[in-house]
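Structure, please.
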Amino acid sequence: MPDPVSFSNRLNAQPEHEGFTFRETSGPPWHISCAVEKNGPDFMCRIHGGDRHVGAVALSERRSGLVTTRILVVGRHREGEIARHAAYRPGRAARSSVVVIAGIHFDSPSKHDIEQIEDSVSRLALRAAQAIRNHGPQVPGGATHPV
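Presented below is the predicted three-dimensional model:
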């Protein structure tokens, strides 16, 4: 079975003082989109698919050298873990704070559909982290931060 997630992307990374934008959408059947923008030293990320809304918000930040991630979930929405994962990897790569707003809604997805959606978000978060790492702040000696 072919991979259900094919990516079309647009990456516009410029020197840090000019800004950073990452946008990518997973392929059929779910079309989950991820948009990341630099906000000072930090990053803001939106993950959406289907009917757009705010289902959960996650914040990843460094404390004592470790990345911690906290989530807020709206009502009975189930995007909390998706938002947590989508904030953790880019937060680790950026070595700065990352906030994620996630809202994904498709009518009556099966368990398999949900797994595919989660996989799409995971791939998007990894690619966002890679883009941040490749175009973001450098550690001493010129090496980029690990994802």
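
Distance-wise, check Ala58 relative to Ala102.
From Ala58 over to Ala102 the distance is 7 Å, taken as C-beta to C-beta, to the nearest Å. The way it works is simple: take the backbone N, C-alpha and C, and place the C-beta from them, glycine included.

any residues in contact with both of those two?
In terms of C-beta atoms under 8 Å, 6 or more residues apart in numbering, Ala58 and Ala102 are both contacted by the residues 83, 86.

bridging residues for Val98?
Per DSSP bridges, the residues bridged to Val98 are Phe43, Ser60.

what helices or strands is the longest helix along the chain leaning on?
Using DSSP state H, we find that the single longest helix of the chain is helix 111-135. In terms of contacts (3 or more C-beta pairs under 8 Å, 6 or more residues apart in numbering; DSSP states H and E), helix 111-135 is packed against strand 7-13, strand 20-26, strand 33-39, strand 42-50, helix 80-94, strand 98-105.

Compare Ala58 and Ala102 and say which is more crowded by neighbours.
Ala102 (32 against 27; other C-beta atoms under 10 Å).

In contact with the more buried one, which residues?
46-48, 54-58, 79, 82-83, 86, 121.

From Arg63, how far off is it?
For Ala102, the distance to Arg63 - C-beta to C-beta - is 22 Å.

low-scoring stretches of the chain, by residue?
1-19, 136-147 (pLDDT under 70).

Could you check how many residues crowd around Arg78?
Neighbours around Arg78, by other C-beta under 10 Å: 13.

how near is it to Pro41?
31 Å.

Repeat that for Pro109.
With C-beta to C-beta as the criterion, Pro109 and Pro41 are 37 Å apart.

the more surrounded of these two?
Neighbour count, other C-beta under 10 Å: between Pro109 and Pro41, Pro109 has more, with 15 against 12.

That one and Ile117 touch, don't they?
Yes - when contacts are counted by C-beta atoms under 8 Å, Pro109 is listed as touching Ile117 (6.8 Å).

Hmm, Gln116 is touching Trp30, no?
Yes - between Gln116 and Trp30 there is a contact at 6.5 Å, judged by C-beta under 8 Å.

Could you check which of these two has the larger neighbour count?
Trp30 (21 against 18).

any idea how far Val100 is from the more buried one?
From Trp30 to Val100 the distance is 18 Å (C-beta to C-beta).
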